[in-house]
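> Fold the following.
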Amino acid sequence: MAFYQPEIPDTLNKYLAIDYRKKVQQSLQAPPEILARALNYFYFKETKSSNDIEREKPTADRERLFVELLKQAGKRSVDSRFSQEGLTQCQNTVVDPRYHDECFRDIQNYVGEASIYGRAPFVHLVGMPPELIDETMQGFTDFNKAQIHPVVKAACSSFGFVFIHPFNDGNGRVHRFIFNDILARESIIDDGVILPVSAVMHKDMKAYDKALECFSKPLMLSVNYQIDEMGYLTVDNPQSIAGQYRFPDLTEQTYYMFQVLDQTIDVELIEEIRLIEGFDRFRSDAKYIVDMPNKKTELMIKLLFQGGGVLSNTKKGLFSELSSDDISRLELAYKEAFEVSSSEDTHLGP
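Numbers count the residues shown, from 1 in each chain. Below is the predicted model:
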């Protein structure tokens, strides 16, 4: 795939000047034990958030496999990772085994919503016509060998992939994996580090949808298609729309991913480390108030976190052995733990 590279707008220049490797390292400054726990959580956070975007609830085994895939980010060569076999392995990892593909699809697909009133589905995106996929995906691999800004490469590759939609299922989850995979291969993130970009995307789905629609809406004005009564779609003008997949202007998507990356590094990474430090501080302080069994302490932490530092009257019933004074002191200890954590001189981040 060859990508159209327009003149860089001023809004992107500030991002292109940032040393993102250094920025990530600054945000991950923490004691080794704290950092190890945070990094482990990032893998599960990215897995959960990527599935949440697709409204998927995978089994524990599928979550584990997704985590293992994330841990392989950047460890395979461009030719290996972005080959048909390599990408198919990614697809097989993130979807239900019943929907594994053996290779790139040979039928037309689309993203849309079914109508219960007998009308044709509402189509948001038509995937690339299947007869064009193999050649285009070879260009996709070639593009990833180019010497360009790593974040630009990651953004263009991940969105270029999802617009082609080369599989019948799992394209969104693979597209978000590709972003981390390229950053790892380009040494923006170290081995053992994953960036929970999907968590940021999931928090603002309107912005994510807008990034997708910057491509899909113009495309849908150009594509001519028919849908039969069984919901099968046929593209009538594959050659005339081929260039929109092969030479997309991905400026808006790149700008969006720089914003997502900044939010991930400046907020998600730092907040997770602060949470772990705050929880540890609360565990220690709580023992001086009530020496509860660990199971009770962990339940207290979970409920206080959910309640913003306050235990509801209903939840207090789970700690009937504690006095009102005990609970008030525990609530205060929780709040103080996080007030200290957020105002320490050892502020994490750039």
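
> Using the record's assignment, carve the protein into domains.
According to automatic domain parsing, the chain comprises the domains 10-267, 272-343.

> tell me the most buried of these?
domain 10-267 (a mean of 17; mean count of other Cβ atoms under 10 Å). Glycine gets a C-beta too; all of them are placed from N, C-alpha and C.

> Start and end of that one, how far apart?
Terminal residues of domain 10-267 are spaced 24 Å apart (Cα to Cα, to the nearest Å).

> what mean pLDDT would you report for it?
For domain 10-267, mean pLDDT is 94.

> what about that domain, distance to the chain center?
8 Å (Cα atoms, centre = their mean, to the nearest Å).

> Let the chain start at 58 from now.
Will do, 58 is the new start, and the previous item becomes domain 67-324.

> The longest helix anywhere in the chain - contacts with which helices or strands?
Counting residues, the longest helix found in the chain (DSSP state H) is helix 89-110. Other helices and strands packing on helix 89-110, by 3 or more Cβ pairs under 8 Å, 6 or more residues apart in numbering; DSSP states H and E, are helix 117-128, helix 228-242, helix 254-260, helix 327-346.

> swap the cut-off to 10 Å and go again
Secondary-structure packing of helix 89-110 (3 or more Cβ pairs under 10 Å, 6 or more residues apart in numbering; DSSP states H and E): helix 117-128, helix 141-151, helix 228-242, helix 254-260, helix 262-279, helix 327-346.

> Can I get these in CSV including distance to residue 380?
Shown next, in CSV, are the helices and strands packed on helix 89-110 (distance: least, Cβ to Cβ, whole Å):
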stretch, distance to residue 380
helix 117-128, 39
helix 141-151, 49
helix 228-242, 48
helix 254-260, 38
helix 262-279, 44
helix 327-346, 11
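
> And these: which comes nearest residue 215?
Smallest distance to residue 215 across these (Cβ to Cβ): 4.3 Å, for helix 228-242.

> Okay, angle between that closest one and helix 141-151 too, please.
Put simply, helix 228-242 runs at 120 degrees to helix 141-151, going by axes from the mean of the first three to the mean of the last three Cα atoms, to 10 degrees.

> so helix 228-242 versus helix 262-279, what angle?
110 degrees.

> how close does the most centrally placed residue in the chain get to residue 101?
In the chain, the residue lying closest to the centroid (Cα atoms, centre = their mean) is residue 255, at 2.1 Å. Distance check for residue 255 against residue 101: by Cβ to Cβ, to the nearest Å, it reads 11 Å.

> And for residue 128?
11 Å.

> those helices in the stretch 158-307 of the chain, which residues are they?
190-200, 207-221, 228-242, 254-260, 262-279, 295-303 (DSSP state H, counting those that start in this stretch).

> can you list the ones you listed in JSON lines and add distance to residue 378?
Formatted as JSON lines, the helices of the stretch 158-307 of the chain follow (distance: least, Cβ to Cβ, whole Å):
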{"stretch": "helix 190-200", "distance to residue 378": "61"}
{"stretch": "helix 207-221", "distance to residue 378": "51"}
{"stretch": "helix 228-242", "distance to residue 378": "45"}
{"stretch": "helix 254-260", "distance to residue 378": "36"}
{"stretch": "helix 262-279", "distance to residue 378": "43"}
{"stretch": "helix 295-303", "distance to residue 378": "63"}
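
> Out of those helices, flag the one nearest residue 314.
When the helices of the stretch 158-307 of the chain are compared by Cβ to Cβ, helix 207-221 sits nearest residue 314, at 3.8 Å.

> who does that closest one touch, helix- and strand-wise?
Against helix 207-221 (3+ Cβ pairs under 10 Å, 6+ apart) you get helix 67-73, helix 77-84, strand 179-183, helix 190-200, helix 228-242, helix 262-279, helix 295-303, helix 308-320.

> Mind checking the helices and strands packed on helix 89-110 for the one nearest to residue 308?
Taking Cβ to Cβ, helix 262-279 is the member of the helices and strands packed on helix 89-110 nearest to residue 308, at 8.7 Å.

> correct me, but residue 98 touches residue 106?
No - between residue 98 and residue 106 there is no contact under Cβ atoms under 10 Å: 11.8 Å.

> between those two, what contacts are shared?
residue 253 (Cβ atoms under 10 Å, 6 or more residues apart in numbering).

> mind listing what residue 254 touches?
By Cβ under 10 Å, 6+ apart, the contact list for residue 254 reads 103, 106-107, 211, 215, 233-234, 236-237, 240, 314, 317-318, 320-322, 325.

> Also residue 97?
Per Cβ under 10 Å, 6+ apart, neighbours of residue 97: 124, 249, 251.
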